[in-house]
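Colleague: Need coordinates for the following:
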Amino acid sequence: MINQRDLLKRLFNAFKPFEPLQPGSPVYVDCREVRGDGDIITDLATNIEYSDNNTCQLYAGHRGAGKSTELL
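Modeller: A predicted model of the protein is given here:
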C-alpha cells in the first residue's frame, strides 16, 4: 500500500505545477465565464498596440493561477 506522502508526491509531479499548459492542451479549463473580468489578453494587446510609447504591462496573480498558461 502506498503511503500518503508518496501519493501526494506522485500527484504533485503528475500535474507538473511549474510548467504552463501549452495552447490547445486537452486539460485546460476555460474559466472566463465565472471569472467575472474582461478579456485580459485583449486589454493587454490593445494597450501595447495603440501606444505610441513603450509600455510596461503587469499581469499578476497568485502562484499557480494560470498566468503563463493564459499568455501562451
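Colleague: Which residue ranges of this protein form strands?
Modeller: Assigned strands in the chain: none (criterion: DSSP state E).
Colleague: now the helices: where do they sit in it?
Modeller: Ranges of helices within the chain are 4-14, 32-35, 40-50, 67-71, based on DSSP state H.
Colleague: Generate JSON lines for those helices, with mean neighbour count, mean pLDDT and distance to residue 61 as supplementary columns.
Modeller: C-beta coordinates here come from the backbone N, C-alpha and C atoms, glycine included. As requested, these are exported to JSON lines (neighbours: other Cβ atoms under 10 Å; pLDDT from 0 to 100; distance: least, Cβ to Cβ, whole Å):
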{"stretch": "helix 4-14", "mean neighbour count": "10", "mean pLDDT": "89", "distance to residue 61": "20"}
{"stretch": "helix 32-35", "mean neighbour count": "8", "mean pLDDT": "74", "distance to residue 61": "11"}
{"stretch": "helix 40-50", "mean neighbour count": "12", "mean pLDDT": "85", "distance to residue 61": "10"}
{"stretch": "helix 67-71", "mean neighbour count": "14", "mean pLDDT": "81", "distance to residue 61": "5"}
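Colleague: quick one: which of those is nearest residue 25?
Modeller: Nearest of the helices of the chain to residue 25, taken as Cβ to Cβ: helix 67-71 at 8.1 Å.
Colleague: Tell me which other helices or strands that closest one touches.
Modeller: helix 40-50 (3 or more Cβ pairs under 8 Å, 6 or more residues apart in numbering; DSSP states H and E).
Colleague: which other helices and strands contact the helix it packs on?
Modeller: Short answer (3+ Cβ pairs under 8 Å, 6+ apart): helix 40-50 packs on helix 67-71.
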